[in-house]
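Enquirer: Fold the following, please.
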Amino acid sequence: RGVVIKTGDDTVMGSIAGLVAGLDSGQTPINKEIQSFVRLISAIAIFIGVVFFIIAMVMGYTWIEAVIFFIGIIVANVPEGLLITVTVTLTLTAKRMASKNCLVKNLEGVETLGSTSVICSDKTGTLTQNKMTVANMWLNMKMISLETGKMNYGENFDPRTPGWEELGNIACLCSNSDFVDVKENWQKPVNDRAVDGDATEAGILKCYECLMGDTSKKRKTNPKVIDIPFNSRNKYQASVHQDDEGKHLLVMKGAPEIVFAKCETILVDGEDVMIDETTRKGFREACEKLAGMGQRVLAFVDLHLDSSKFPPGYDFSTDDEEPNFPLDKLRFVGLLSMIDPPKASVPDAVAKCRSAGIKVIMVTGDHPITAQAIAKEVGIISSKNVLIIFDSLTPIPNSPQPGVSACVPGYVMTDWEEADLDKLIRSFTEIVFARTSPQQKLFIVEGYQRAGNVVAVTGDGVNDSPALKKADIGVAMGIAGSEVSKEAADMILLDDNFATIVTGVEEGRLIFDNLKKSIVYTLTSNIPEILPFLTWVVLGIPLPLSTVAILLIDLGTDMLPAISLAYENAELDIMERAPRDTHDRLVNHRLIFLAYGIVGITQAAAGFFVYAVIMASYGWMPNRLLFIKAEWEDEYNNNLEDSWGQEWSYGQRMMLQQTCNGAYFLAIVQVQWADVIISKTRMLSIFQQGMKNNVLNFAIIFETVLAAAVIYTPYVPQFIGIYPLAPEWWIPA
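Expert: Next comes the predicted model:
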């Protein structure tokens, strides 16, 4: 039975769901870049088209002819194959990342991870193994360390140590976890067995079983009579057990400061001793030392209940406000501390992030002391830095604090404004946020975004979903992650390993570089495609290249080489660079100048050279071709003289023009061989980078074979507006 106090949107889960539903993650960086690029190319195409529409009208062309010129200029300017190239490139990278346990839900997220400048990471299960192991105990007011190696766990501890019998008794009985009752599970070593219960309970259970090996027997001979489950208000778990003689034992474990306050005596070397100030001081020092090592600490206490007051068959109850059995004046037995060790790959991954200029910020619900200890261990906080653990009275500095790190508990931020968080972010480069709520995690992500960062967030729980949704890229855990977190995220780590994020960052940076290469390769052919129309309109020469041939270049011969650049390896160690500046455009003025002003002009020169050579070889010198357009295209003029005085019919002229069109088309394909080799490197020479990209090598062969097939396959050239070439016309370009 229970009392329902809230439903739907009024529950905690409902409020989190409402928070997620009201969030807009915004545009991804690559989306912004492509949108900016499309606007730029469209503006250039329309501007040039309008200018030459006006020129055509001024030169006396009809408005229909001027519109055709306008459309031709736009077609030549727009890289029709770029959409396919970008999509395929992102897809190939996503596939490559999936093979490395990084599943991308949103293709644009591939590049976003490469642009990341801040990673807000959860602790448990992401940075740590989420496998609690008992590492230390405080027994008889002495610290005892346990060997935590997988093969020899606890071998350095003597179970005959005074007090262990009582401590082990509580650890075994005051628990709701058990080994999964499957034959295969029992055949495994204790540390590898599956457990029904959370990580902390599993750690305690495995510790006791490794040392004593009689968990099942102990629980059968001391059955549980009543249980008070752990909750966040009480912060302890208690149960009463009855032994073979009918006597009752109360056992309790929980938060050290809460449980210790209920005790009157302490067990020291087998004797009950009254707790005094010396005992309290030793207890506090032990708790601080263990927590300072990043360990989770639990206190264990018991009480033998008076048989006269609690005889066999006594009806224990918790139905009233207070249970009908004592929960104070207990006996303190000892402390067990558990460590959730960092994953072996995390410190190296954090170091790589640092070298790549990426800040790693820990955002966790754990205790500040535990959080900062793990942060130091994995390298999020430098051990040489001064650490400030904030409280409600700690002032936020107004200027950067070099050599100082900050640990900020959630309760400190309860009344903070955006300006307070912004000031904190400006002041400290190394920050750990502890004891944070879902709203505070969202608040932190928005703060780093306001500072101009591209923010990635990792998380695995329902409470992480608002931050995952708001982040530029949300990264959920594939194994331990909840379905809600996976739904809110853009990417899922199939192995729950933080190091996999670093792999994703590397791939994301590589894809941005390779997209630049693909775009510059694709844009270079725009100039040799535009200039034939411009010279046809302005200089009045026979058209050097047909519109269909332009589409064939953009959607045919150029496609595979552009895609093949996605397979290009990194030129230098891209993880040594700082994150990409948000003002560094995918297509900037330098790239446009390279594509249009250098390589594009060179390609156009090659095309016009071949065009002029073929025309001259048949008697049409360049000066004779100027402003001949009207006569050349007059189908009733069958006696047009060339430079040598030879007369040409309309059909002969069209055949020659189509031959030149074919040669111009082939020249573009040929100079694109060099262009793709130029585009494959942006920093290194081709000798350093090498020609190891076999997809690119195949693409060069493919576009050549495709061009030859188009030119020489019967009936195909006439649909494209070209004419088969003599073999010698392959040479001039």
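Enquirer: CA only for contacts and neighbour counts going forward, please
Expert: Noted.
Enquirer: Model confidence at Glu641, what's the number?
Expert: Listed pLDDT for Glu641 reads 94.
Enquirer: Tell me who's in contact with it.
Expert: Contact partners of Glu641, counting by C-alpha atoms under 8 Å, 6 or more residues apart in numbering, are 647-648.
Enquirer: tell me the phi and psi of it?
Expert: When read as degrees, to the nearest 10, the backbone of Glu641 gives phi -90, psi 140.
Enquirer: cool, the one 5 residues further on as well?
Expert: The main-chain torsion angles of Gln646 are listed as degrees, to the nearest 10 and equal phi -80, psi 140.
Enquirer: Ok, Phe433 next?
Expert: phi -100, psi 120.
Enquirer: Helix, strand, or coil at the residue lying closest to Glu418 once chain neighbours are set aside?
Expert: What sits nearest to Glu418 in space, not counting adjacent residues and going by C-alpha to C-alpha, 6 or more residues apart in numbering, is Gly447, at 7.0 Å. Classification of Gly447 using DSSP: H, G, I helix; E, B strand; the rest coil returns helix.
Enquirer: Is Gly447 in contact with Leu424, as I believe?
Expert: No. Applying C-alpha atoms under 8 Å as the test, Gly447 and Leu424 come out as separate, 9.6 Å apart.
Enquirer: ok, the closest residue to Asn176 other than its chain neighbours to Leu211 distance?
Expert: Nearest residue to Asn176, sequence neighbours excluded (C-alpha to C-alpha, 6+ apart): Gly197, at 7.0 Å. Distance, Gly197 to Leu211, by C-alpha to C-alpha, to the nearest Å: 20 Å.
Enquirer: before we move on, what about Asn588?
Expert: The spacing between Asn588 and Leu211, counted by C-alpha to C-alpha, is 66 Å.
Enquirer: cool, Ala616 as well?
Expert: 97 Å.
Enquirer: residues touching Ala451, list them.
Expert: Asp422.
Enquirer: tell me which residues of stretch 312-324 are tucked away?
Expert: The neighbour-count check on stretch 312-324 (16 or more other C-alpha atoms under 10 Å) flags nothing as buried.
Enquirer: before we move on, what about stretch 292-305?
Expert: 292-303, 305.
Enquirer: Give me the subset of these lying in strands.
Expert: Counted as lying in strands by DSSP state E, out of the buried residues of stretch 292-305, are 296-303.
Enquirer: thinking again about what came up before, tally of neighbours for the residue nearest to Asn176?
Expert: Per other C-alpha atoms under 10 Å, the neighbour tally for Gly197 reads 16.
Enquirer: where does it land on pLDDT?
Expert: pLDDT at Gly197 comes out at 84.
Enquirer: I'd assumed Ser175 was in contact with it.
Expert: No. Look at Gly197 against Ser175 with C-alpha under 8 Å: they stay out of range, at 9.1 Å.
Enquirer: how near is the closest residue to Asn697 other than its chain neighbours to Asn569?
Expert: Of all residues not flanking Asn697 in the chain, Met691 sits nearest, at 7.4 Å (C-alpha to C-alpha, 6+ apart). According to C-alpha to C-alpha, Met691 and Asn569 sit 10 Å apart.
Enquirer: tell me the contacts of the nearest residue to Asp243 once chain neighbours are set aside?
Expert: The shortest distance from Asp243 to any non-neighbouring residue, by C-alpha to C-alpha, 6+ apart, is to Asn222 (4.7 Å). Applying C-alpha under 8 Å, 6+ apart to Asn222 gives the contacts 173, 241-244.
Enquirer: mind running it again at 7 Å?
Expert: Neighbouring residues of Asn222 by C-alpha atoms under 7 Å, 6 or more residues apart in numbering: 241-243.
Enquirer: same thing with Thr128?
Expert: By C-alpha under 7 Å, 6+ apart, the contact set of Thr128 is 340-343.
Enquirer: For the one residue sitting closest to the centre of the chain, give its distance to Ala708.
Expert: The chain has Leu113 as the residue nearest its centroid, 4.3 Å off, counting by C-alpha atoms, centre = their mean. Look at Leu113 and Ala708: by C-alpha to C-alpha, they are 41 Å apart.
Enquirer: Over to Gly461?
Expert: Distance, Gly461 to Ala708, using C-alpha to C-alpha: 58 Å.
Enquirer: Same drill for these two, tell me which one is more crowded.
Expert: Per other C-alpha under 10 Å, whichever of Gly461 and Ala708 has more neighbours is Gly461, with 18 against 14.
Enquirer: Who are the packing partners of the helix or strand where His241 lies?
Expert: Assessed by DSSP states H and E, His241 sits inside strand 236-242. On a contact count with 3 or more C-alpha pairs under 7 Å, 6 or more residues apart in numbering; DSSP states H and E, strand 236-242 meets strand 224-228, strand 248-254.
Enquirer: repeat that for 10 Å
Expert: Packing partners of strand 236-242 (3 or more C-alpha pairs under 10 Å, 6 or more residues apart in numbering; DSSP states H and E): helix 164-173, helix 215-221, strand 224-228, strand 248-254, helix 256-260, strand 296-304.
Enquirer: Any idea which of the ones you listed gets closest to Pro561?
Expert: Closest approach to Pro561 among the helices and strands packed on strand 236-242 (C-alpha to C-alpha): strand 296-304, 56.0 Å.
Enquirer: start to end distance for stretch 260-273?
Expert: Start-to-end, stretch 260-273 (C-alpha to C-alpha) is 14 Å.
Enquirer: Contacts only, for Thr458.
Expert: 119-123, 126-127, 362-363, 464-465, 467-468, 471, 473-477, 485, 489, 491-493, 496, 498, 501 (C-alpha atoms under 10 Å, 6 or more residues apart in numbering).
Enquirer: again, 6 Å this time
Expert: Thr458 makes contact with 121-122, 475-476, according to C-alpha atoms under 6 Å, 6 or more residues apart in numbering.
Enquirer: Next, it: phi, psi?
Expert: When read as degrees, to the nearest 10, the backbone of Thr458 gives phi -110, psi 150.
Enquirer: next one: Val404
Expert: Torsion angles, degrees, to the nearest 10, at Val404: phi -130, psi 130.
Enquirer: again with Ile84
Expert: Backbone phi and psi, for Ile84 under degrees, to the nearest 10, turn out to be phi -70, psi -40.
Enquirer: What pLDDT does the model give it?
Expert: Ile84 carries a pLDDT value of 83.
Enquirer: And Leu656, by the same measure?
Expert: 94.
Enquirer: and it, what is it in contact with?
Expert: Leu656 touches nothing, counting by C-alpha under 6 Å, 6+ apart.
Enquirer: list the buried ones in the helix or strand where it lies?
Expert: Using DSSP H and E, Leu656 falls within helix 650-679. Neighbour counts using 16+ other C-alpha under 10 Å place 650, 653-654, 656-673, 675-679 of helix 650-679 among the buried residues.
Enquirer: how far is the helix or strand where Ile119 lies from where the chain is centred?
Expert: Assigned by DSSP H and E, Ile119 belongs to strand 118-121. With C-alpha atoms, centre = their mean, to the nearest Å as the basis, strand 118-121 stands 10 Å off its chain's centre.
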